[in-house]
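Trainee: pasting the sequence and the predicted coordinates here, then a few questions.
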Amino acid sequence: MQRSPLIAFAHVGKSFAGGRGAQAVRAVDDVSLAVAEGEFLAIVGGSGSGKTTLLRLANRLIDADEGEITVEGEDVRSVDPIKLRRRIGYVFQSGGLFPHFSVSGNIGITPKLIGTPADAIAARVDELLDLVRLDRALYRDRFPHELSGGQRQRVGVARALAARPRIVLMDEPFGALDPLTRDALGDDYRELHRKLGLTTVMITHDMTEAILLADRIAVMRSGRLLAQGTPAQLSRSGDAYVGELLRTPRRQAERLNALLPRDGAA
Amino acid sequence: MSFFSDPRWGEALAHLPDYLGNHVRVSVTALALGLMISLPLAIAARNRRAMRGALLGLASIVQTVPGLALLALFYPVLLALAALSLSWFGIGFSAFGFLPAVLALALYSMLPVLRNTITGLGGVDPAIREAAQGVGMTPAQSLFQVELPLALPVMMAGIRTAAVWVIGTATLSTPIGQTSLGNYIFAGLQTQNWVFVLFGCLAAAVLALAVDQLLALIEVGIRHRSRLRVLAGSAGIAALVAATLVPTMSRSPSSYIVGAKTFGEQYVLSALMSQRLRAAGFSASSREGLGSNVIFEALASNDIDVYVDYSGTLWVNQFHRADIRPRAELLAELNVMLARQNITLLGELGFENAYALVMPRQRAEALGIRSIADLAAHAQGMSMAADYEFFSRPEWAGLQKQYGLKFRAQRQMQPDFMYAAAGSGEVDVIAGYTSDGLIAKYDLVVLDDVRRAIPPYDAIVLLAPKRANDEALRAALAPLLGRIDIASMREANLRAAGGDGASSPDAVARWLWEKIGR
């Protein structure tokens, strides 16, 4: 099944000036990657692999030096970056919530920026709180510092979805959460992705999480795209680093199988 | 008489609406102007390292200039600007009082506001700034909806510091013609009225604390997102400003403004002229504690209407003359020079307040010293004290030249302490003022200037250009001309330095009028 790509990177490169006198750092090096409509793509890599840079290029938080990036068929360089960001949902690492806005203020910010009437925003906020499974009455007026990490991340997801984007970009959204919360939130998001027909690009350094949530995985290292494909396709990749990344979840699964009886309490 | 039943407390209180009102107005205006300049600058500099350094460096330099000097510097600068503006655009403005005070104080308020705004904005978590960008905010939206609100508590702390500094420093705006709570302090120091000094200090401190606490209330309100506290604090500030506007609006603008320099005799004479004007049915107010250089320019540009100066002072300081002429000749020529600036020399009051060499009577008699010429022979073994400017004045150069004076030691002193130092023998000779009552109090004697090295210092009444043909003003002040002899003025000055309830300039002026008026 071949769907038209909603986000496409073609031979994209980006360098950052190093510190005083140091050489420029090549953060993204000749990357070509397409994300199909409705697809859930995970980009996996260690720190410094260029995965976050690649994500930020998509909504022009930074601009590429070379290559071409298209979003919904348009070259991003020809689009007003502010408008581009307002139609792309973005979930930040640890929520990135505005500490001086209430939960409803945070969720409603993008609709407010594009001029949605206040009553429509209020209705949309309640709808989104339901969607991310937070009690409307209990959480609407709270401030971020009154929430747990998981709740903050749920608000972060709700905020990204507020302006009904077709695309959601997520920068290690569940990385800082405890395993239980992380699991629940991952499943909940996966369900939202399916239900709302979203196209999602998620960054993670955790291959297990990528395998469990994503349709397809792209592996990056030192700014280069090493491999991409479904977990099954990746496992056939000859690349040593990709093999190493896949070894961990596989070994974990085997050990868990051995340690946990299948008909146990869990 | 107990400390609190002293009538000077009542007198001080009567001035409070005027002094406090002016103080609040000049402080609030300066602070508002300071904020209008420093906030945009700090915001513009937040992402520019070089600009940030330059701004903070400049503001720090301003801060190291003593407040009094900064205020005094603005006067000549504005005076020159006003003259330029008048000749180029035909629009003149007053370089006196409010404007220089506001500008200098605004400059003074900038450092804490700049520093805290830059620090506050720099302290906003970069992740939050990126989130603002990520949700689709424009740079302006990010600034106003996210960065500034988050930096606000730190910024408010800076604004509080600036407010306290400005309110404190505003007391120094009195010598450049801006009425403030400093009027109590300057007048009190000059006339040894410690009740006034204390009252002025207390009033300024209470005002600063009150404003600081109101701003603190707003700051806490912002921190805790309590709209109530922010409103209460803002309402308090607004009420303070409104309250100080009421007295000015209800009071009719005074028709005559009488100026006074920074010493006791001037306070008495300005009180005397104000009393005469009121007795003639006019309203009159005074601008006291004006610097010697400020007061003449203020008269020339019609900012004040009348004041008393001394012929020798104008001759030397204003017209830069080094030659010494006989009294009548000097007055006649001064009259011509003043007329060129459209200033009217109304007449002499009848006494001189000249520099004179003064020493204890007993010592002088024992050594057989009657004149400065006699003194010259003994000077080698003597020490001499004078005020801060005397040794750099032409009079001193003249004395040295005419009499070949050379003392063993020369010291500079606060004039009030000079006479006591001579009386106690701590110094042998002082450069005193002939009309000073302390000469009699400490049993000192004025040495004759037989070779006329010191120009005459007749007290003369000067009228502003716009009052040149004001017959009513002339008539009201005419009874003072030629009537105040040196003995009366000395006694008046001694009373003004008395430090009790009867020593206020108003009370002394009433006494003086009783003595000379009939």
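Mentor: Cool, the structure landed.
Trainee: check contacts around residue 149.
Mentor: Because you didn't say which chain, this covers chain A. A:Ser94, A:Gly95, A:Ala176, A:Leu177, A:Asp178, A:Thr181 (Cβ atoms under 8 Å, 6 or more residues apart in numbering or on different chains). Every residue, glycine included, has its C-beta placed from N, CA and C.
Trainee: not what I meant, chain B
Mentor: Taking Cβ under 8 Å, 6+ apart as the definition of contact, the neighbours of B:Pro149 are A:His100.
Trainee: residue ranges with poor pLDDT in the chain?
Mentor: Just going to use chain A. Judged against pLDDT under 70, the low-scoring parts of chain A cover residues A:1-3, A:19-22, A:262-266.
Trainee: you looked at the wrong chain, it should be chain B
Mentor: Filtered on pLDDT under 70, chain B yields the residue ranges B:1-5, B:92, B:191, B:246-254, B:499, B:501, B:518.
Trainee: give the pairing partners of the biggest strand by length in it; include direction for each.
Mentor: Here the longest strand in chain B is taken by residue count, with DSSP state E as the criterion, and it is strand B:344-352. Partners of strand B:344-352 in the sheet, by DSSP bridges, are strand B:458-463 (antiparallel).
Trainee: after the partner strand, next one along is what?
Mentor: From strand B:458-463 onward toward the C-terminus, using DSSP states H and E, the following helix or strand is helix B:471-477.
Trainee: buried residues in that following helix?
Mentor: For helix B:471-477, a neighbour-count test (16 or more other Cβ atoms under 10 Å in any protein chain shown) marks B:Leu473, B:Arg474, B:Ala476, B:Leu477 as buried.
Trainee: from the contact counts, what lies against that helix?
Mentor: helix B:264-279, strand B:458-463 (3 or more Cβ pairs under 8 Å, 6 or more residues apart in numbering or on different chains; DSSP states H and E).
Trainee: mind redoing it with 10 Å?
Mentor: strand B:256-259, helix B:264-279, strand B:306-310, strand B:344-352, strand B:458-463 (3 or more Cβ pairs under 10 Å, 6 or more residues apart in numbering or on different chains; DSSP states H and E).
Trainee: so stretch A:198-212, near chain B or not?
Mentor: No: residues of stretch A:198-212 are not located near chain B by Cβ under 10 Å from any Cβ of the partner chain, the shortest gap being 13.5 Å.
Trainee: centre of the chain to that stretch, how far?
Mentor: Using Cα atoms, centre = their mean, to the nearest Å, we find the averaged C-alpha position of stretch A:198-212 to lie 7 Å away from the chain's own average C-alpha position.
Trainee: hang on, the earlier thing: which ones, among the contacts of A:Gly149, also lie beside chain B?
Mentor: A:Ser94, A:Gly95.
Trainee: ok, back up a step: most packed of the helices and strands packed on helix B:471-477?
Mentor: Stretch with highest mean neighbour count among these: strand B:306-310 (a mean of 26; mean count of other Cβ atoms under 10 Å in any protein chain shown).
Trainee: quick one: it to chain centroid distance?
Mentor: Taking Cα atoms, centre = their mean, one finds strand B:306-310 lying 16 Å from the centre of the chain it belongs to.
Trainee: and the next helix or strand past it?
Mentor: Where DSSP H and E defines the elements, the next helix or strand beyond strand B:306-310 is helix B:311-313.
Trainee: quick revisit: which of the contacts of A:Gly149 lies closest to B:Val429?
Mentor: Using Cβ to Cβ, the shortest approach to B:Val429 within these belongs to A:Ser94, at 80.4 Å.
Trainee: just checking, that closest one touches A:Ser148?
Mentor: No: counting by Cβ atoms under 10 Å, A:Ser94 sits too far from A:Ser148 to count as a contact (12.0 Å).
Trainee: who's in contact with the residue nearest to A:Leu97 when sequence neighbours are not counted?
Mentor: The shortest distance from A:Leu97 to any residue that is not its chain neighbour, by Cβ to Cβ, 6 or more residues apart in numbering or on different chains, is 4.2 Å, and that residue is A:Pro144. With Cβ atoms under 10 Å, 6 or more residues apart in numbering or on different chains as the criterion, the residues that contact A:Pro144 are A:95-103, A:105-106, A:151-152, A:155-156.
Trainee: how about residue 38, secondary structure?
Mentor: By default, I'm working from chain A. Reduced to three states with DSSP: H, G, I helix; E, B strand; the rest coil, the structure at A:Gly38 is coil.
Trainee: should've been chain B
Mentor: Classification of B:Ser38 using three-state DSSP returns helix.
Trainee: doesn't B:Val62 make contact with it?
Mentor: No: here B:Ser38 does not reach B:Val62: they are 11.2 Å apart, not a contact under Cβ under 10 Å.
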